[in-house]
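Participant: using only what follows, build the 3D model:
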Amino acid sequence: MKIGIVHVTVEKGSEPYTELINQTFGAAKRDDTELMHRYVRHMRRATDTALAFPTLLNKVDVINEFLQLQADGADAVMVACSGDTGVGEARSLLDIPVVGPMEAAAGLAMGYGRRIGIVTVADNPWAGFMDQFMNDIGLGSRYVGLRQLRTPTMQVFTQGFTEPATVAKEIAECARELVEIGAESILVGSAGLSTFASYGGLTHLEDPVVPIFDVLVAGLKLAEVRAELKLKVGVPEVSRAGWTERYPDKDVARLAGQFGWYADPAS
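Facilitator: As a prediction, the model looks like this:
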């Protein structure tokens, strides 16, 4: 099985983070799963991926990489971002499952505890997006709220590569605060924090036991399941009723010309 993974920044400069992801994914994936990593062409600053306008522009790059992965034989694809960048739009273009890790983790968390909390980064725009996300996917009544790390994001994403346990400890402290207000399962609402949590060995709290989900790992496992359901059982890649109706390839080519987008994977 081949699972395509699209990263939301360019490859150059992402090497230490990719190494950590590969280690956590290597432990979680099926033995026969081949991971196909791809990177966007333009976005260089990780901090830009937490803001609305850069994310809008980045979606085009993410979707193009999804299309290329499908052309290269991927059985399912996912984006390595807790914002599920480009996922909804890509589902109208691809004929294989497209997975958003935050959506995947939220669905998984519902089976572990009725009320869900999120731990995320210190940046208020991203916290606002995470809060909005839970309501947009219909989980507002099961969502207790979020807690943000107190350590500035720039420091976290420097310290995390050498001291992931320190970052994991702060994530656990925020998770404990959420449990005190009623959370029964916790999502780590950041791809980077998720990776540091897993690498630092943080999977749950004790007394009481409360699961803490690395959303990227949840996304990977769901991508495997959805690929298998399509390949072995015949479950379609997505519903074609409503927003995810299949957009015709000829119209993709027409819009690519109008907007100057390199949507054709062969281009």
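
Participant: where do the strands sit along the stretch 101-250 of the chain?
Facilitator: In the stretch 101-250 of the chain, the segments counted as strands under DSSP state E, counting those that start in this stretch are 116-120, 143-148, 185-188, 204-205, 210-214.

Participant: just send those strands back as JSON lines, with mean neighbour count too.
Facilitator: The C-beta positions use only the backbone N, C-alpha and C, and glycine is treated the same way. JSON lines is the format used below for the strands of the stretch 101-250 of the chain (neighbours: other CB atoms under 10 Å):
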{"stretch": "strand 116-120", "mean neighbour count": "27"}
{"stretch": "strand 143-148", "mean neighbour count": "20"}
{"stretch": "strand 185-188", "mean neighbour count": "30"}
{"stretch": "strand 204-205", "mean neighbour count": "16"}
{"stretch": "strand 210-214", "mean neighbour count": "22"}
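
Participant: including distance to Gln155, could these go into TSV?
Facilitator: Shown next, in TSV, are the strands of the stretch 101-250 of the chain (distance: least, CB to CB, whole Å):
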stretch	distance to Gln155
strand 116-120	15
strand 143-148	14
strand 185-188	17
strand 204-205	24
strand 210-214	21
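
Participant: show me the contacts for the closest residue in space to Ser185 that isn't next to it in sequence.
Facilitator: Excluding the flanking residues, the one nearest Ser185 by CB to CB, 6 or more residues apart in numbering is Gly113, at 3.7 Å. Residues near Gly113 by CB atoms under 8 Å, 6 or more residues apart in numbering: 183-185, 210-211.

Participant: if we go to 10 Å?
Facilitator: Residues counted as contacts of Gly113 (CB atoms under 10 Å, 6 or more residues apart in numbering) are 142, 179, 182-186, 208-211.

Participant: kindly report the same for Gly83.
Facilitator: 8, 49-50, 55, 58-59, 100-102, 126, 129-130, 133, 189-191.

Participant: for Gly117, list each beta-bridge partner.
Facilitator: Counting by DSSP bridges, Gly117 is bridged to Gly145, Ile186.

Participant: packing partners of the biggest helix by length in the chain?
Facilitator: Ranked by number of residues, the top helix in the chain under DSSP state H is helix 52-71. Counting contacts by 3 or more CB pairs under 10 Å, 6 or more residues apart in numbering; DSSP states H and E, helix 52-71 packs against strand 2-7, strand 34-39, strand 76-79, helix 87-90, strand 98-99, helix 124-136, helix 249-259.

Participant: show me what counts as buried in that helix.
Facilitator: 54-55, 58-70 (16 or more other CB atoms under 10 Å).

Participant: one more: stretch 32-40?
Facilitator: Those would be 33, 35-40, for stretch 32-40 by 16+ other CB under 10 Å.

Participant: let's have the residues you listed in JSON lines, adding pLDDT.
Facilitator: Below are the buried residues of stretch 32-40 laid out as JSON lines (pLDDT from 0 to 100):
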{"residue": "Thr33", "pLDDT": "98"}
{"residue": "Leu35", "pLDDT": "97"}
{"residue": "Met36", "pLDDT": "97"}
{"residue": "His37", "pLDDT": "96"}
{"residue": "Arg38", "pLDDT": "96"}
{"residue": "Tyr39", "pLDDT": "96"}
{"residue": "Val40", "pLDDT": "96"}
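
Participant: farthest pair within those residues?
Facilitator: Thr33 and Val40 (22.6 Å; CB to CB).

Participant: out of the contacts of Gly83, which is nearest to Asp249?
Facilitator: Among the contacts of Gly83, and counting by CB to CB, the member closest to Asp249 is Lys59, at 18.8 Å.

Participant: now that closest one: how far from Trp261?
Facilitator: According to CB to CB, to the nearest Å, Lys59 and Trp261 sit 11 Å apart.

Participant: over to Phe213?
Facilitator: In terms of CB to CB, Phe213 sits 34 Å off from Trp261.

Participant: same check on Leu35?
Facilitator: Leu35 sits 27 Å away from Trp261, going by CB to CB.

Participant: same question, Gly242
Facilitator: Separation of Gly242 from Trp261 (CB to CB) stands at 24 Å.
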